[in-house]
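Student: Build me a model:
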Amino acid sequence: MRKLSIILLLVAGTIWAQSDAGVDESLLGSINSVQDLDLRNASIQQAGADSFCVRSVGIGGTDYALTFTQDSSGTWTLTALSPESDTLLPARAVMDFASLTAVDGQTLQIDGVIVGGQVYSGTITVGENADLTLTGETAAGSLDAVQALALATLAVAESTAAFQEELEELTAERNSLVGEVAALEAAALAPPTTDTPVTDEQVVALLKERDLLAGDLVGVAMENNRLRDEKKTLAEQITELRTENQRLRAELAAMTSEVERLTELVEAYRSVQLPIMPPVTAVDGSTDDAAVAAPLWTMPGDYLRKEDLEAAAAAVTAELQFLEGRVAQLEEAALGLATLEEALRTGVGDGIPPAIFAPEQPGTLIATADTAVAVVPEGATDRAATTTPLASVDDAEVALATAEHAAELAAVTAELAALVRQNEELRREALELENTILQEILSNGLVALMSERLTDTVRSGFIGSEPDVGDWSITGSRAVQADSDAFFAKLAVPAVQSNEPVLYSFSVRSLDPDGWVGFGLHFFVSEVDRRRGYGMGKSLLVWLTRDPDVYKTQLTYLQLYRSDDDINMGRVLDSIIEEPISEFLDVEVLYEPDNQYLTVAIGGEDKIRYRTWFGIDAGVEVALRSLGAAEFTNFRIRTEPTESVSLPAFGLITW
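Tutor: Model (predicted):
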């Protein structure tokens with residue numbers, strides 16, 4: 001900031017000295033001192049290798065852009081002065097994340113220009129003389145993951161710096177208040193220095209002022225804790241962003257490696273000669289010489305072209321036709337063998353001449369008994385006179401076994417098809433069930449859906465409860481905390497909570513008509529030592545509050561806190577609801593410790609669903625809590641009956 005001020009002072013000293021820069025003389029004449037320059041919105045931008053531009057310098061109520069150029073002697077000279085209204089880009093345009101991409105030989109795409117928090121893109125045409133022309137309309141642009149992470153890191157850094165300054169100011173204010181309180185206490189306790197006695201009214205006034213300052217000190221301490229929590233949250237966000245950046249880099253490296261692998265597979269696949277299927281033998285013994293090219297697969301994940309898939313389908317079809325023809329041949333041969341066997345059993349006593357059953361071609365089977373010709377070969381008189389062998393029983397058994405295998409293959413194929421149809425049907429039913437559940441959740445809310453299943457009531461009312469802090473009175477199903485000045489009022493209720501879904505429900509309202517008030521529920525509470533502290537052991541706290549001094553509104557805020565011990569708590573979620581805190585609110589808190597999801601419903605409507613990630617999965621008590629006077633009724637704790645199936649986790653949903 002100091003450098004900017006020095007440069008702008010130099011600018012102010014040279015504005016009226018540059019009469020040859022094309023600057024309006026009347027404009028220069030209106031500048032009598034540095035105070036005539038409005039530098040509140042001024043910023044400096046690079047304008048070339050030896051030039052810079054000072055934007056948004058107010059002169060006479062109008063913002064100007066000033067361009068300075070360094071000459072050979074090292075002197076900066078004002079070379080241009082133009083109104084901001086004449087510039088192409090606004091002064092607050094951010095070009096740090098802009099990128100250029102060549103669309104074609106004469107067109108460039110510019111993206112990542114940030115103006116007013118929005119990202120824009122546009123098209124630039126390159127002319128014959130290398131001049132650039134913006135064509136078309138600007139449109140919404142985008143940033144890649146690395147640029148977005150860098151921008152978020154800068155925003156978090158600025159927020160952290162602002163938070164640190166605010167924290168230092170509040171610390172100084174707190175120290176000042178502590179000093180004032182100590183001085184007042186010392187003055188009240190010190191003996192009088194004069195003979196004039198201190199009246200009772202003065203003592204009462206001093207004590208009231210001390211109490212007021214003490215209350216302010218408590219408020220400052222709580223605000224200090226809030227700021228400390230916000231700082232911790234910002235640090236966690238920075239850590240998460242860094243982790244996300246590392247994950248994105250790892251994914252980018254994995255994607256690059258996968259692209260290289262796929263490129264190698266494609267090249268290897270294109271270089272391999274596809275094998276040729278053998279000719280197909282038909283039933284009649286003829287062959288189809290039209291060879292079919294079968295594709296070659298090397299490993300799962302290879303990518304095939306359409307023509308390769310068509311070739312594969314043709315090869316499979318041809319193979320099936322070949323098998324069908326072979327099965328038909330075997331069935332026909334089996335029928336012929338059966339006829340042969342019957343003929344052998346009923347044949348003549350002198351035997352059957354071999355020529356009767358001799359095939360027309362060596363090595364083939366006779367199709368049927370009708371095709372056998374009763375012709376005795378020349379020179380042969382009986383069965384033993386011929387050398388041509390008859391079809392054996394082994395041949396028949398082979399033919400029958402082949403037919404049985406074909407039938408088994410057909411049965412397996414039919415069973416596989418049935419299983420595929422059954423699998424598709426189950427997939428469809430599962431998808432319909434999932435859609436039904438999601439539709440019911442979106443229509444009625446997850447809490448309403450789970451409420452129908454969490455029917456085992458383990459706690460109802462306030463029997464056995466013990467007040468830790470506050471003025472509590474219990475009558476039946478009603479518990480009232482009547483102290484409007486109580487900051488940490490708690491009513492502890494014993495309840496063992498384990499690793500299963502739990503639904504807490506109660507009605508509550510604030511009894512204080514205005515000011516800072518709140519109420520809520522600590523649950524899954526354990527490891528409590530100091531029961532009067534700001535926190536409550538290790539637990540979660542759902543909190544509803546109205547704080548007009550901090551939020552500048554009378555609206556109700558729904559918040560979630562994580563308690564680490566009896567002193568330290570951190571807010572992890574903050575949202576606004578429309579229901580007023582002074583009227584009865586029906587609150588339902590659903591916690592699923594198995595997957596650490598928390599869902600809060602107000603008046604039967606789901607307000608938030610949040611995954612805590614804190615590993616809180618067991619507790620021995622719960623506690624109702626209030627800031628100021630409040631009334632609680634109809635408190636219940638419900639869980640699932642035994643042998644109940646939990647719903648699947650549906651992820652982070654926020655309404």
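
Student: least trustworthy helix or strand in this protein by mean pLDDT?
Tutor: helix 2-15 (a mean of 44; mean pLDDT, DSSP states H and E).

Student: nearest residue to Asp483 other than its sequence neighbours?
Tutor: Asp471 (4.1 Å; Cβ to Cβ, 6 or more residues apart in numbering). Where you see a C-beta, it was placed from the backbone N, CA and C, and this is true even at glycine.

Student: How about the contacts made by that neighbour?
Tutor: The neighbours of Asp471, taking Cβ atoms under 8 Å, 6 or more residues apart in numbering as the test, are Gln481, Ala482, Asp483, Ala486, Ala489.

Student: got the contact list for the first one?
Tutor: It refers to Gln481. For Gln481, the contact set (Cβ under 8 Å, 6+ apart) comprises Gly470, Asp471, Trp472, Ala489, Leu491, Ser626, Ala629, Ala630, Glu631, Phe632.

Student: Save those residues as JSON lines, and put in distance to Gly127 too.
Tutor: Shown next, in JSON lines, are the contacts of Gln481 (distance: Cβ to Cβ, whole Å):
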{"residue": "Gly470", "distance to Gly127": "78"}
{"residue": "Asp471", "distance to Gly127": "82"}
{"residue": "Trp472", "distance to Gly127": "81"}
{"residue": "Ala489", "distance to Gly127": "75"}
{"residue": "Leu491", "distance to Gly127": "78"}
{"residue": "Ser626", "distance to Gly127": "72"}
{"residue": "Ala629", "distance to Gly127": "76"}
{"residue": "Ala630", "distance to Gly127": "73"}
{"residue": "Glu631", "distance to Gly127": "77"}
{"residue": "Phe632", "distance to Gly127": "75"}
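
Student: which of these count as buried?
Tutor: Among those, those scoring as buried are Gly470, Trp472, Ala489, Leu491, Ser626, Ala629, Ala630, Glu631, Phe632 (criterion: 16 or more other Cβ atoms under 10 Å).

Student: Distance check, the first one against Leu624.
Tutor: Relative to Leu624, Gly470 is positioned 10 Å away (Cβ to Cβ, to the nearest Å).

Student: Can you pull the residues that touch both of those two?
Tutor: Here Gly470 and Leu624 have Lys490, Leu491 as joint contacts, going by Cβ under 8 Å, 6+ apart.

Student: pretty sure Val496 is in contact with Val620, am I right?
Tutor: Yes: here Val496 lies in contact with Val620, judged by Cβ atoms under 8 Å, at a distance of 5.9 Å.

Student: Could you identify the longest helix within the chain?
Tutor: If you go by DSSP state H, the chain has its longest helix at helix 200-271.

Student: Which neighbouring elements make contact with that one?
Tutor: helix 145-189, strand 569-577 (3 or more Cβ pairs under 8 Å, 6 or more residues apart in numbering; DSSP states H and E).

Student: Of these, which shows the lowest average pLDDT?
Tutor: Of all the helices and strands packed on helix 200-271, mean pLDDT reaches its minimum on helix 145-189 (a mean of 74).

Student: For it, which helices and strands make contact with it?
Tutor: Packed against helix 145-189 by the contact rule (3+ Cβ pairs under 8 Å, 6+ apart) you find helix 200-271.

Student: the inter-axis angle of the helix it packs on versus strand 569-577?
Tutor: In terms of direction (axes from the mean of the first three to the mean of the last three Cα atoms, to 10 degrees), helix 200-271 departs from strand 569-577 by 80 degrees.

Student: Could you give the average pLDDT over helix 200-271?
Tutor: Mean predicted confidence for helix 200-271 is 77.

Student: angle of that helix against helix 145-189?
Tutor: Using the same axes, to 10 degrees, helix 200-271 lies at 170 degrees relative to helix 145-189.

Student: Is Pro90 in a helix, a strand, or coil?
Tutor: At Pro90 the chain is in coil, as set by DSSP: H, G, I helix; E, B strand; the rest coil.

Student: what's the closest non-adjacent residue to it?
Tutor: Closest residue in space to Pro90, ignoring its immediate chain neighbours: Val115 at 5.9 Å, by Cβ to Cβ, 6+ apart.

Student: Tell me the pLDDT of that neighbour.
Tutor: On the pLDDT scale, Val115 is placed at 77.

Student: Go ahead and confirm it touches Arg92.
Tutor: Yes: contact status for Val115 versus Arg92: in contact at 7.0 Å, counting by Cβ under 8 Å.

Student: most tightly surrounded among the helices and strands packed on helix 200-271?
Tutor: Highest mean neighbour count of these: strand 569-577, a mean of 17 (counted as mean count of other Cβ atoms under 10 Å).

Student: Need the contact partners of that strand.
Tutor: Contacts with strand 569-577, where a contact means Cβ under 8 Å, 6+ apart, come from 225-226, 229, 232-233, 534-535, 541, 544, 555-564, 602, 607-608, 610, 612, 654.

Student: Does the helix or strand following it pack against any helices or strands, and if so which?
Tutor: Following strand 569-577 in sequence order, the next helix or strand is strand 585-592 (DSSP states H and E). With contacts defined as 3+ Cβ pairs under 8 Å, 6+ apart, strand 585-592 has these neighbours: helix 446-451, strand 502-510, strand 517-526, strand 538-546, strand 597-602.

Student: how many degrees apart are strand 585-592 and strand 517-526 in direction?
Tutor: Here the directions of strand 585-592 and strand 517-526 differ by 20 degrees (the same axes, to 10 degrees).

Student: Let's see strand 585-592 as PDB, backbone CA atoms only.
Tutor: Only the C-alpha atoms of strand 585-592 are listed here, as PDB (Å, rounded to 0.1, in the frame of the first residue of the first chain):
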ATOM      1  CA  LEU A 585     -41.000 -25.600  17.100                       C
ATOM      2  CA  ASP A 586     -41.400 -29.300  16.600                       C
ATOM      3  CA  VAL A 587     -37.700 -30.400  16.400                       C
ATOM      4  CA  GLU A 588     -36.600 -33.800  15.100                       C
ATOM      5  CA  VAL A 589     -32.900 -34.800  15.000                       C
ATOM      6  CA  LEU A 590     -32.000 -38.000  13.200                       C
ATOM      7  CA  TYR A 591     -28.400 -39.200  13.700                       C
ATOM      8  CA  GLU A 592     -26.900 -42.300  11.900                       C
END
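
Student: Show residues contacting it.
Tutor: Residues contacting strand 585-592 (Cβ under 8 Å, 6+ apart): 446-447, 450-451, 501-509, 521, 523-524, 540, 542, 544, 579, 597-604, 646, 649.

Student: If any of these are buried, give me the PyMOL selection for them.
Tutor: In PyMOL syntax, the buried subset of the contacts of strand 585-592 is picked out as below (16+ other Cβ under 10 Å):
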select buried, resi 446+447+450+451+501+502+503+504+505+506+508+509+521+523+524+540+542+544+579+597+598+599+600+601+602
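
Student: dump the residue contacts of the residue nearest to Pro90.
Tutor: Contacts of Val115 (Cβ under 8 Å, 6+ apart): Leu89, Pro90, Arg92, Ala93, Val94.

Student: Would you check how far apart it and Ala98 are?
Tutor: 11 Å.

Student: One more: Glu500?
Tutor: In this view, Glu500 and Ala98 are 54 Å apart by Cβ to Cβ.

Student: what's the answer for Asp468, then?
Tutor: Distance, Asp468 to Ala98, using Cβ to Cβ: 58 Å.

Student: Could you do Glu640 as well?
Tutor: Glu640 is 55 Å from Ala98, by Cβ to Cβ.

Student: Could you list the low-pLDDT ranges of the stretch 451-600 of the chain?
Tutor: By pLDDT under 70, the stretch 451-600 of the chain has no low-scoring segment.
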